[in-house]
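> Here is my input, please return the structure:
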Amino acid sequence: MKFPLPEQFPTDFSAIQDAALASWRDQIRDLAGELSVDNDEDLDQLEAYAGQIEALEAEIGERAAAAAANDERKARIQGALQATTDTPQDTLADDSEDEDGDDADDSSSDDADGNDDEDDAASASDASDDEAALSMDKADNDAVDQLADSINDGTDVPETTLQENRTASQRAAGMQNQAPADRSVKPAGGPAGTNESPMLATKHLPGVDTGQHVTFEDLAKGASEAHWNLSKIRSSEDSISLVSSSIDDSNIPSLGQDQFENFTTLTEITREATEAHMGSNGMIASGAPCMPTKVDYGFFRLSRAQRPVEQNLPRVAAPQASIRFVAPPDWAYLSQGISIKTCADEAVDPYVNKSVVSVICPALRECCVSSVSRILQFNNLTFRAFKSFTAEAIYQLGVAFTEAKEIMYLDDIDAESTAVTNPGAVYGANRDLYSRINAAAYGYRKRHRMSMDAPLTFMVNDIVQYLSLTDAFNDGRMSFGRDPHGALREALSKIHVNIVFTYHLPTSATQAQGGGTAPGNAAVDGIFGPQAAGALNALPTEVAGYLFAPGTFIRLDGGSLDLGLVRDSVLNVRNDLHLFAEQWTKVCKVGYESVKLLVATCPNGAGSGDLAAFNCP
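Predicted coordinates for the structure are as follows:
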């Protein structure tokens with residue numbers, strides 16, 4: 001069979017037979033197999049082929065679902081007809097048993113109890129129902145013949161039902177006010193004689209294969225997902241059908257673009273699902289819940305242990321808790337042993353002594369570790385029963401423990417550094433920082449007769465990154481690059497200065513440097529302090545950094561002691577326990593010099609070519 005080219009893909013498949021659709025789909029797949037997704041020129045054509053294959057698959061699936069629905073319809077009607085043709089005989093048999101004396105006995109006994117009027121009326125109603133069933137027997141048989149012929153011929157089953165024939169027979173017998181006796185078998189939800197749902201899934205119902213039977217529970221789950229994914233469905237229609245059915249198409253739920261109608265539809269689906277699971281008389285909870293609520297034993301966490309100083313200093317083991325070392329000789333002192341004598345000097349006084357410097361043993365230096373401890377006290381029962389709280393408390397104490405060590409390391413470095421004065425802001429933060437660090441690095445290398453490309457370390461608080469970024473943003477001439485925070489690091493690397501950003505501040509930090517009003521406590525109202533209502537906590541206006549040669553400072557590691565859980569007689573009386581651990585460590589200066597560099601920072605982006613820049617506080 002000749003099929004249309006993919007470029008002439010139609011939108012109506014009604015004239016194409018089922019087998020032709022499958023062959024057409026396979027032809028398009030063969031055409032797509034000749035192309036490659038790695039070739040950009042083939043991508044558009046492959047995308048078109050993929051869309052055509054999806055459309056054909058959807059059409060094939062819908063036809064299969066429709067065929068299955070028609071087969072279910074035929075089976076349902078045929079089963080109903082078979083059940084109905086057997087009903088009159090069962091009814092006659094039941095009635096004959098009543099006529100043998102059971103009803104009479106019951107009636108006489110009830111009359112004796114004084115309930116004769118109500119029972120007589122009930123008996124008369126039963127008799128009327130039996131007569132109605134007998135009078136409709138002929139109409140039922142006619143409907144059976146008509147429906148059977150349709151099923152055997154393979155044609156569509158007519159919409160006429162036995163219920164309609166029975167109603168017609170009742171009207172003919174003058175029984176319009178009597179409800180017909182329903183003696184046919186009606187399984188819940190599905191076709192007669194089965195327990196399957198009469199609803200069949202379409203391609204738009206998530207989680208269920210096309211053409212499969214769908215329960216109300218499946219429909220409720222799939223409808224919620226389809227509701228949120230509706231905007232992703234490529235369809236020119238305003239609504240989508242989630243299920244199909246041969247029973248009654250008018251009651252099939254669908255979702256559209258109206259959010260309020262969708263909510264009503266989902267609510268109705270949920271109600272029907274509940275009734276299908278619990279029955280129409282099921283108990284529905286209302287009012288405030290009375291059950292105990294679930295307790296969440298987890299904790300919200302933000303903090304992390306920050307240890308950049310500890311990680312960037314060389315570690316030296318100190319098993320005896322301290323080290324002794326000899327101070328390095330000073331080249332400037334030893335230079336006194338150098339002398340130069342010219343011929344003119346010899347002519348004046350040939351006996352002048354040459355310069356001599358005496359080398360003496362330098363004094364020994366000692367550095368002793370400090371003890372940093374951490375102790376937690378718990379109630380015995382809390383420690384045992386509330387394990388998540390115990391773990392979180394131990395974690396948060398570890399964060400504070402690391403911070404205490406980092407501040408101690410910075411205090412050690414600050415105490416061994418030579419502070420230089422701050423000349424005040426000249427340009428923006430980036431230009432002032434770079435110029436000051438560059439000048440300090442040049443002088444440091446010259447004083448110690450170092451190579452001009454010898455590496456140096458500049459240790460400074462990480463607030464510099466944000467000052468640098470703010471200054472670059474205010475200066476339209478500076479490029480952010482891929483790593484805005486790395487701009488200063490890249491500039492300093494060109495003068496062989498490695499910058500190390502610390503997280504904490506030393507206790508000597510002033511308010512201008514981000515410290516607090518309480519000496520040694522930046523968490524009072526400094527940069528680490530809480531944000532109060534009113535003005536935003538401002539960035540520091542001065543930066544303090546430390547410039548030194550690598551190896552000038554070392555970190556002593558004297559080990560640690562972790563006793564874990566501790567109990568004694570005092571704690572036992574209070575029903576408490578301790579968790580105890582401590583570490584012995586300290587930063588020692590073994591090199592020549594460390595310079596504490598103070599730099600005023602004004603992140604206004606000002607440069608030498610600016611006529612005027614805003615004033616910094």
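> Can you classify the residue nearest to Ser373 when sequence neighbours are not counted by secondary structure?
Distance criterion CB to CB, 6 or more residues apart in numbering; nearest residue to Ser373, sequence neighbours excluded, is Glu582 at 3.6 Å. (Each C-beta comes from the backbone N, C-alpha and C, glycine too.) Under the three-state scheme (DSSP: H, G, I helix; E, B strand; the rest coil), Glu582 adopts strand.
> Can you name the residues that contact Glu582?
Contact partners of Glu582, counting by CB atoms under 8 Å, 6 or more residues apart in numbering, are Ser371, Val372, Ser373, Arg374, Ser560, Leu561.
> Looking at the chain, which helix is longest?
When the chain is parsed with DSSP state H, its longest helix is helix 40-97.
> helices and strands around it, which ones?
When contacts are defined as 3 or more CB pairs under 8 Å, 6 or more residues apart in numbering; DSSP states H and E, helix 40-97 packs onto helix 18-33, helix 116-135, helix 137-153, helix 162-172, strand 199-201, strand 243-244.
> quick revisit: turn the contacts of Glu582 into CSV, columns for neighbour count and distance to Ala48.
Supplementary listing: these in CSV, determined by neighbours: other CB atoms under 10 Å; distance: CB to CB, whole Å:
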residue, neighbour count, distance to Ala48
Ser371, 12, 75
Val372, 17, 69
Ser373, 13, 72
Arg374, 16, 67
Ser560, 12, 68
Leu561, 12, 73
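> Just the closest of these to Ala75, please.
Looking at the contacts of Glu582 and their distance to Ala75, the nearest is Arg374, at 76.5 Å (CB to CB).
> Any figure for the gap between the closest one and Ala404?
Here Arg374 is placed at a distance of 9 Å from Ala404 (CB to CB, to the nearest Å).
> how far off helix 18-33 does the longest helix of the chain point, in degrees?
Using axes from the mean of the first three to the mean of the last three CA atoms, to 10 degrees, the inter-axis angle of helix 40-97 relative to helix 18-33 is 150 degrees.
> Show me what counts as buried in stretch 72-82.
Neighbour-count burial for stretch 72-82, counted by 16 or more other CB atoms under 10 Å, picks out Glu72, Arg73, Lys74, Arg76, Ile77, Gln78, Gly79, Ala80, Leu81.
> average pLDDT across that stretch?
When pLDDT is averaged along stretch 72-82, the result is 79.
> And stretch 346-366, by the same measure?
Across stretch 346-366, the per-residue pLDDT values average to 83.
> Export that stretch to PDB, keeping only CA atoms.
C-alpha atoms of stretch 346-366 as PDB (Å, rounded to 0.1, in the frame of the first residue of the first chain):
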ATOM      1  CA  GLU A 346      95.700  51.200  52.000                       C
ATOM      2  CA  ALA A 347      97.700  54.300  51.100                       C
ATOM      3  CA  VAL A 348      96.300  56.300  54.000                       C
ATOM      4  CA  ASP A 349      96.500  53.500  56.700                       C
ATOM      5  CA  PRO A 350      97.500  50.000  55.600                       C
ATOM      6  CA  TYR A 351      97.000  48.700  59.100                       C
ATOM      7  CA  VAL A 352      93.300  49.400  59.500                       C
ATOM      8  CA  ASN A 353      91.500  46.300  60.700                       C
ATOM      9  CA  LYS A 354      88.800  44.700  58.500                       C
ATOM     10  CA  SER A 355      85.300  44.400  59.900                       C
ATOM     11  CA  VAL A 356      84.500  41.400  62.100                       C
ATOM     12  CA  VAL A 357      81.300  40.200  63.500                       C
ATOM     13  CA  SER A 358      81.100  37.700  66.300                       C
ATOM     14  CA  VAL A 359      78.700  34.800  65.900                       C
ATOM     15  CA  ILE A 360      77.200  33.800  69.200                       C
ATOM     16  CA  CYS A 361      74.600  31.100  70.000                       C
ATOM     17  CA  PRO A 362      71.200  32.500  69.700                       C
ATOM     18  CA  ALA A 363      68.700  32.200  72.500                       C
ATOM     19  CA  LEU A 364      66.400  29.300  72.600                       C
ATOM     20  CA  ARG A 365      62.700  29.900  72.000                       C
ATOM     21  CA  GLU A 366      59.900  27.800  73.300                       C
END
